[in-house]
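Enquirer: following is a predicted model, sequence given first.
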Amino acid sequence: MTSTFLAEDFAKLVLRGHAQEDACSIHSTQSSDSEDPFKKLDLVENRPPSEAHVSFVEVEGLSEPIALAEDLSGGCGGRIWEAARVMTDYCLWRSRHEPEWMSGKHVLELGSGTGLVGLAIAKGCHPDSMLLTDQLQMLDLMQRNIGLNKAHNNTQACVLNWGEPIPENITRPDIILASDCVYLEVAFQPLIDTLMLLTDENTEIYMSYRKRRKADKRFFQMARKRFILTEVEDPKRSTYQKEGLRLYQLTKKSSK
Ligand SMILES: C[S@@+](CC[C@H](N)C(=O)[O-])C[C@H]1O[C@@H](n2cnc3c(N)ncnc32)[C@H](O)[C@@H]1O
């Protein structure tokens, strides 16, 4: 099956997004914030969550689509999220205008899920290396998608749990990407702790985000204590803002 990430498929994503928002708002009024607000997603998907589903996702700026297995059996990261488009659009656009931006850089993606964002950026922005990371239950899916796209030359996947010590095999990246990782209040501090461990003042951090719940504001309040946050000047910024999508750059504050 062929899908177009920025056109036909986006309509599907928006529809899914509304369903997802409903799940979140039901969650925020009826249950505790420590639960995963995406738990109910399998109710809005048309296929059984254990069935892996492969499609071809067109990403603006890439000459070939990304082959993508989606599989919700390992958790909410097993499908494409809307904020992924914000991140891929920006990085591919910037690389077209500034080809040296990622060249020679080590890039690490947090909460990669399917790996779509990292794979598209590894293909289109030519970093030296791209490390997709997520929890153990997403590892097979990330590796499967690296294989489907024959991306082993510069892309690898490994487990990185937020709030836990950084595994020894992970070296400090030059650039960190996190798409749609602000959604679970109990994970706010662990995510900030991981960003603190992986960065210095020169690390570029990009976070794409979809506004869902008021509680998400707390993440940015917490992050501002340790990082300087700026909204990225992106040619599609006003369109995204209307859809509740944002892209931030974070820079670690000096400890001096
Ligand atoms: C909403 S999904 C976004 C997936 C992907 N980045 C995208 O934009 O399509 C959030 C991702 O964060 C991951 N995640 C949640 N809590 C985590 C934790 N404590 N450590 C590592 N990853 C985590 C989930 O497994 C999931 O893949």
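Expert: Yep, it's here.
Enquirer: name the nearest residue to Y206, sequence neighbours excluded.
Expert: Nearest residue to Y206, sequence neighbours excluded (Cβ to Cβ, 6 or more residues apart in numbering): L177, at 5.3 Å. Backbone N, C-alpha and C define where each C-beta goes, glycine included.
Enquirer: okay, now the one you found: neighbour count?
Expert: 27 (other Cβ atoms under 10 Å).
Enquirer: so it: helix, strand or coil?
Expert: Taken by DSSP: H, G, I helix; E, B strand; the rest coil, the conformation at L177 corresponds to strand.
Enquirer: likewise for the one 10 residues further on?
Expert: Assigned with three-state DSSP, A187 falls in the helix class.
Enquirer: could you do R246 as well?
Expert: Three-state call for R246 (three-state DSSP): strand.
Enquirer: now the residue lying closest to it once chain neighbours are set aside: which helix or strand?
Expert: By the measure of Cβ to Cβ, 6+ apart, the closest residue to R246 outside its immediate chain neighbours is Y209, 4.8 Å from it. Secondary structure from DSSP states H and E places Y209 in strand 204-210.
Enquirer: that older thread, before we move on, what's the pLDDT of the residue nearest to R246?
Expert: According to the model's per-residue confidence, Y209 sits at a pLDDT of 95.
Enquirer: OK, contacts around the closest residue to V54 other than its chain neighbours?
Expert: Distances taken as Cβ to Cβ, 6+ apart put A69 closest to V54, at 4.8 Å, once the chain neighbours are dropped. Each residue near A69 by Cβ atoms under 8 Å, 6 or more residues apart in numbering is listed here: 52-54, 114, 141, 144-145, 148.
Enquirer: keep only those of those that are in strands.
Expert: Secondary structure assignment by DSSP state E places 53-54 of the contacts of A69 in strands.
Enquirer: of the contacts of A69, closest to T239?
Expert: If you rank the contacts of A69 by distance to T239 using Cβ to Cβ, T114 comes first, at 23.6 Å.
Enquirer: so the helix or strand where A223 lies versus strand 204-210, what angle?
Expert: Assigned by DSSP H and E, A223 belongs to helix 216-226. Computed with axes from the mean of the first three to the mean of the last three Cα atoms, to 10 degrees, the direction of helix 216-226 lies at 170 degrees from that of strand 204-210.
Enquirer: spell out which parts of the stretch 51-200 of the chain neighbour the ligand.
Expert: 75-77, 80-81, 83-84, 111-113, 116-117, 134-135, 138, 161-162, 179-181, 183, 187, 190 (Cβ under 6 Å from any ligand atom).
Enquirer: could you double-check that T203 sits in contact with P173?
Expert: Yes - distance between T203 and P173: 6.8 Å, which falls inside the contact criterion (Cβ atoms under 8 Å).
Enquirer: ok and the residue in the stretch 51-200 of the chain nearest the ligand?
Expert: With Cβ to the nearest ligand atom, the shortest gap between the stretch 51-200 of the chain and the ligand falls at G77, namely 1.9 Å.
Enquirer: can you tell me the closest non-neighbouring residue to that residue?
Expert: Of all residues apart from its sequence neighbours, G113 sits closest to G77 (Cβ to Cβ, 6+ apart), at 3.0 Å.
Enquirer: ok, how many other residues are close to the one you found?
Expert: When neighbours are counted by other Cβ under 10 Å, G113 registers 28.
Enquirer: and what of the one 10 residues further on?
Expert: For K123, the number of neighbouring residues by other Cβ under 10 Å comes to 20.
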